[in-house]
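1. Sharing a model prediction with you, sequence too.
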Amino acid sequence: MKIAGFFWSTGVIFALSLSTAFGQTSSTTPSGTTPSATPATQPPPTIQQRKRNQQNRIANGIDNGSLTAGETKKLEKGEANLNQEERAMRAGDGGKLTSADRTALNQQQNSLSKQIYADKHNANTAHYGNGEIGQRRENQQDRIAQGIRSGQMTPGEAARTEKKEQGINREVAGMRQANGGKLTKGDRRVVNQQQNQVSKQIYKQKHNDKKGF
């Protein structure tokens, strides 16, 4: 009986030792340090971050053709108005935004965000074709998208440029309708001249001192 009791006691002590050792191991990392706490909730994006995000979404819509020149013009005009309002708020509050200012700007950005989504998911898409004119129009849009994404073009600049692109697109559509779906040599010359002017405008806007965000 004493022998049996000895083995029973030894077994209990061994089991307790294992339990203690396991508890110490599970509460530490392989390096022997205590695990970090659960990450805190990420703070909401700032006004500046939201503007940058909106511009990236618009640029992506231009790149993939889900935003037409006309839609981009309206969106960027909205962004330009919002930026102007923000500048007025800062001017009235010593260069800072009050809590009420940020609330108002975020509400307007929410509205613009919904409009971007709606425009990118409607039936209107940008189609330029594979010809010389089509390729030039698509190339111009790519340059505008890059300028918006990098901040080299302000929303106001992008809106004005897309207004001209929208006018060219309408003119091309009218020319094709008048000539059985094709462009004459004279049509292509006229459109190329207009695109040359827009191209110079894009270059100037991307190389001046104005920044989009």
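-> That came through, no problem. This one's a predicted model, so the numbers in the text were calculated from it and none came from an experiment.

2. Please pull out the lowest mean pLDDT helix or strand from the chain.
-> helix 2-26 (a mean of 45; mean pLDDT, DSSP states H and E).

3. which is the next helix or strand following it?
-> Scanning forward in sequence from helix 2-26 by DSSP states H and E, the next helix or strand is helix 47-64.

4. how many other residues sit next to the nearest residue to G129 once chain neighbours are set aside?
-> Distances taken as C-beta to C-beta, 6 or more residues apart in numbering put Q135 closest to G129, at 8.0 Å, once the chain neighbours are dropped. (Glycine included, C-beta is placed from N, CA and C.) Residue crowding around Q135 was assessed by other C-beta atoms under 10 Å; the count is 12.

5. From Q195, how far off is Q135?
-> Q135 is 11 Å from Q195, where distance means C-beta to C-beta, to the nearest Å.

6. Spatially central residue in the protein, please.
-> For the chain, the residue sitting closest to the mean C-alpha position, by C-alpha atoms, centre = their mean, is N56 at 2.3 Å.

7. In contact with that one, which residues?
-> Applying C-beta atoms under 8 Å, 6 or more residues apart in numbering to N56 gives the contacts R149.

8. Tell me where the model's unsure across this structure.
-> 1-40 (pLDDT under 70).

9. quick revisit: buried residues in the one helix or strand the residue nearest to G129 maps to, which are they?
-> Here Q135 is covered by helix 132-150, with elements defined by DSSP H and E. Of the residues in helix 132-150, 133, 136-138, 140-141, 143-149 count as buried by neighbour count, 16 or more other C-beta atoms under 10 Å.

10. Which member of the residues you listed is positioned nearest A69?
-> Q141 (7.2 Å; C-beta to C-beta).

11. check contacts around the closest one.
-> Q141 touches I62, D63, A69, A126, Y128, E165, counting by C-beta under 8 Å, 6+ apart.

12. Q195 too?
-> Contacts for Q195 (C-beta under 8 Å, 6+ apart) come out as I133, R136, R137, Q140, I168.

13. how much space between the fourth one and M89?
-> I take that to be Q140. Look at Q140 and M89: by C-beta to C-beta, they are 34 Å apart.

14. got it, and N64?
-> Look at N64 and M89: by C-beta to C-beta, they are 34 Å apart.

15. Which of these two has more residues huddled nearby?
-> In this view N64 and M89 are compared by other C-beta under 10 Å, and M89 has more residues nearby, 19 against 12.

16. pretty sure that one contacts L97?
-> Yes: with contact defined as C-beta atoms under 8 Å, M89 and L97 form a contacting pair (5.9 Å).

17. Settle this for me: K210 is touching E157, isn't it.
-> Yes: in this structure K210 lies within contact range of E157 using C-beta under 8 Å: 6.8 Å.

18. which of the two has more neighbours?
-> E157 (23 against 13).

19. Can you tell me the element that one falls in?
-> Per DSSP H and E, E157 falls inside helix 155-178.

20. residues contacting R137?
-> Residues near R137 by C-beta under 8 Å, 6+ apart: Y128, E165, I168, N169, V172, Q195.

21. Apply 7 Å and report the result again.
-> Listed by C-beta atoms under 7 Å, 6 or more residues apart in numbering, the contact set of R137 reads Y128.
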